[in-house]
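Novice: I would like to see how this sequence folds:
(one chain, ligands or ions: 1)
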Amino acid sequence: MTLFHKIIQREIPADIVYEDEHLIAFRDIAPQAPVHVLFVPKATYATLNDVPADAPEIVGRLAVAAAAYARAQGFAEDGYRIVMNCNGDGGQTVFQIHLHLLAGAPLGRFGTPDGARPAQL
Ligand code: AMP
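Specialist: Next comes the predicted model:
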């Protein structure tokens, strides 16, 4: 069982901001922006690679819930970023898929650590 399953099961505490039958959302313990909320499906998939092609709603619901949260909190028009990290190069550390919602300030560019622009593959 992953850390996030334990949060879903209320075995470890979290600052939960939204929950429905499909997903849960809670504040990231190490925020990378003034608003940093994780949207986690209750269905178990370790990485985005594991989501079946015939189940795109697993991922879609996370994005739609993040947008609804942004509207409800009043920062949808200012803007926000959603991110899903996958495996080593993506920087994934918890192997239950989740979507990061980052907001609350201009976020700058993203990708390489210091903004360097590598040759495209
Ligand atoms: P990732 O690196 O994409 O797998 O994201 C995992 C995220 O989970 C990181 O941003 C962590 O800060 C966050 N995290 C780890 N443990 C907890 C926790 N107990 N409660 C909330 N967020 C957590």
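Novice: next, the residue positioned nearest the centre of the chain: phi, psi?
Specialist: Centroid-nearest residue in the chain, with C-alpha atoms, centre = their mean: Leu99, separated by 1.8 Å. Leu99 adopts backbone torsions of phi -120, psi 130, taken as degrees, to the nearest 10.
Novice: in contact with it, which residues?
Specialist: With contacts defined as C-beta atoms under 8 Å, 6 or more residues apart in numbering, Leu99 is in contact with 38-40, 59, 62-63, 66, 82-84. The way it works is simple: take the backbone N, C-alpha and C, and place the C-beta from them, glycine included.
Novice: and it, how far is that from Gln120?
Specialist: From Leu99 across to Gln120, the span is 25 Å (C-beta to C-beta, to the nearest Å).
Novice: cool, and Gly108?
Specialist: Going from Gly108 to Gln120 by C-beta to C-beta gives 20 Å.
Novice: looking at the two, which is more packed in?
Specialist: Set side by side, Gly108 and Gln120 show more neighbours around Gly108, with 7 against 4, by other C-beta atoms under 10 Å.
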